[in-house]
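Novice: show me the folded form of this:
(one chain, ligands or ions: 3)
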Amino acid sequence: MFSCGMLMARFVGLVRLYASGCPAYSQYLWLFKRIMFLRRDDFSAEWSKMNSCITGLQWGDEGKGKVVDILAEKSDVVVRYAGGANAGHTVVIGGHKFALHLLPSGSVRQDTACVIANGVVIDPDCLIQEIDSLRHRDIGLEGRLFISENAHVVLDYHKQEDQLREQSLGNSKLGTTIRGIGPCYADKIGRSYAVRVGDFKEPEYLRQKLQKIAKFKNNYFKAMYGGDEVDADAIFSKCLIYAERLGNFIVDTTEHLHNAISVGKSVLFEGAQGALLDLDHGTFPYVTSSNASSLGMAAGSGVPAKLVDKYMGVVKSYTTRVGEGPFPTEQDNEIGSEIRERGNEYGTTTGRPRRCGWFDAVAVKYSALIGGIDELAMMHLDTLSGMSELKIAKAYRIDGKETAFFPSNCAKLSRVECVYETLPGWDDDVSCIRTFEQLPANARAYVAKIEELTGCPISIIGVGPGREQTIIR
Ligand code: GDP
Ligand code: IMO
Ligand code: MG
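Specialist: Numbering: from 1, shown residues only. Ligands and ions are numbered 1, 2, ... in the order given. I've put the predicted structure just below:
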């Protein structure tokens, strides 16, 4: 398969790269697999044969859209399993930008089937707009988009409630995206006043249900916030339009996915948000309302975790956060502003400036641990070019005690002092570099340090927003 010379060269190159650090067991394993079997040319072939799950390991916006777009080339099916239109996933192809909120990022590839599974909360206005905007760019979804009949529906009153609640909280607001996510998931958990996509196919049942919901919501809004009346007839009329536009896409996606897997198709699960925004394992209450980590994949799709061969975590080479909540490595100063401007760190969904700070290895190690992460994709390495020195949080000091385990408890997080490792930066523009070996030595050392501190190998490095601005190792 390989000549001895090739294997030897590969071995020497990889060992040299790792000699500076002290790789964890998983890195040795990865190194061994790389030496024995695969390298850049084989990378896509490897992904075409497996089921994988790609999730963010920070507070969202890590660059999941770009990574999913790249890996979707070799996947038959791409699945969104959680979150809703709070997500904003950017894909840049040949300088053209796509910002996706509900459609999986694989949808820009005409040959990829797209599933919006049961765990997603769907704003039909937003979804129809997205389908139309892709159609205007000659990307059709007919016959390849499958929407779960069990996914829940975000209606106008959910967005209204999200806004009223945030307003009423004043300084203690969460800083949500106002996309109605929390109220819709709350209705799902509460069961009595929830609308599912499958209800679009039962108009009379839906009409009656909406009457009941409007009565409840009006009493609730009046008592709690004031605000506009919920008009059941007006919502029902809109639902009839949604049913007409989306009806052909609605199926049992659990059955669809299991059928696909049983005939050997490769399925890629695309996470939204990030593990630190996970409802159960993130920085509660400053989280989203779904299990945004890979732990949500099984419940949100009906496909058990054991059918997924590889879990990839996406991180930025620094950290960002939108909305309120603790952020130990935040640089609310010139450094943060510099990162924001260099990285164009403004929200894809809300346009809000993102809070910026140093890479937090304590947080990422925790996210990787709960997510069963095998490998990392690290985006935005290019953004750090030109910074004289870089810091990485390698431990926290809380109440005088040092720990390397991330406490998701917000009270503890608010008392964290970060213990940093400082590394030298690099000046060279790396956006045109396509191989790891060509990166400046300090950039390679920075990558190696993150691998060492997180215990995860980094197999994809982003050096710009474009699909091609990527280093595959
Ligand atoms: P997602 O929510 O995780 O999909 O991330 P977003 O799309 O919300 O935000 C990531 C932003 O970074 C988008 O504007 C991407 O186009 C951009 N991006 C992704 N990877 C890179 C990279 O390696 N370098 C640079 N400069 N931009 C990137
Ligand atoms: P992607 O998929 C970054 C944040 C909001 C807010 C908190 C709760 O693009 O990475 P919500 O509207 O979900 O109730 O808001 O979660 N948030 C995100 N931050 N990226 C996202 O998605 C986010 N989705 C929600 O800013 O702090
Ligand atoms: Mg985003």
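Novice: now check stretch 280-289, is it near ligand 3?
Specialist: No. Shown here: stretch 280-289 not in contact with ligand 3 (C-beta under 5 Å from the ion), separated by at least 11.7 Å. For every residue, glycine as well, the C-beta is placed using N, CA and C.
Novice: so which residue is dead centre in the protein?
Specialist: Centroid-nearest residue in the chain, with C-alpha atoms, centre = their mean: Ala272, separated by 3.5 Å.
Novice: so which bits of this protein are right by ligand 2?
Specialist: Residues of the chain lying close to ligand 2 (C-beta under 6 Å from any ligand atom) are 56, 59-61, 86-89, 174-177, 179, 181-182, 272-274, 277, 288-289, 322-323, 348.
Novice: ligand 1 next: which of those are close?
Specialist: Okay, of those touching ligand 1 (C-beta under 6 Å from any ligand atom), that's Gly56, Gly60, Asp61, Gly88, His89, Thr348.
Novice: how about the third one, nearest residue that isn't a chain neighbour?
Specialist: So the one you mean is Asp61. Once flanking residues are discounted, Asp61 sits nearest to Thr320: 5.8 Å by C-beta to C-beta, 6 or more residues apart in numbering.
Novice: please, which helix or strand holds the one you found?
Specialist: Thr320 belongs to strand 319-321 when assigned by DSSP states H and E.
Novice: and that strand, which strands flank it?
Specialist: Counting by DSSP bridges, the strands paired with strand 319-321 are strand 355-357 (antiparallel).
Novice: pull out the buried positions in the strand it pairs with.
Specialist: Buried positions in strand 355-357, judged by neighbour count with 16 or more other C-beta atoms under 10 Å: Arg355, Cys356, Gly357.
Novice: gap between that strand and the chain center?
Specialist: Computed by C-alpha atoms, centre = their mean, to the nearest Å, the chain-centroid distance of strand 355-357 equals 17 Å.
Novice: ok, now stretch 360-367?
Specialist: Distance of stretch 360-367 from the chain centroid (C-alpha atoms, centre = their mean) equals 16 Å.
Novice: re the thing from before, nearest to ligand 2, of the buried residues of strand 355-357?
Specialist: If you rank the buried residues of strand 355-357 by distance to ligand 2 using C-beta to the nearest ligand atom, Arg355 comes first, at 9.9 Å.
Novice: tell me the bridge partners for that closest one.
Specialist: In this entry, Arg355 is beta-bridged to Arg321, by DSSP bridges.
Novice: so does stretch 437-444 get close to ligand 1?
Specialist: No. Stretch 437-444 lies out of reach of ligand 1 by C-beta under 6 Å from any ligand atom, never closer than 12.6 Å.
Novice: what's the following helix or strand after the lengthiest helix in the chain?
Specialist: Ranked by number of residues, the top helix in the chain under DSSP state H is helix 203-224. Note on helix 203-224: by DSSP H and E, the next helix or strand toward the C-terminus is helix 232-246.
Novice: for that following helix, packing partners?
Specialist: The contact analysis (3 or more C-beta pairs under 8 Å, 6 or more residues apart in numbering; DSSP states H and E) places helix 232-246 against helix 124-136, helix 156-169, helix 203-224.
Novice: and the ones you listed, which is most packed in?
Specialist: Among the helices and strands packed on helix 232-246, helix 156-169 has the highest mean neighbour count (mean count of other C-beta atoms under 10 Å), at a mean of 19.
Novice: buried residues in the strand or helix carrying Glu451?
Specialist: Taking DSSP H and E as the criterion, Glu451 maps to helix 441-454. By 16+ other C-beta under 10 Å, the buried positions in helix 441-454 come out as 442-454.
Novice: next one: it to chain centre, how far?
Specialist: In this view, helix 441-454 has its centroid 23 Å away from the chain centroid, taken as C-alpha atoms, centre = their mean.
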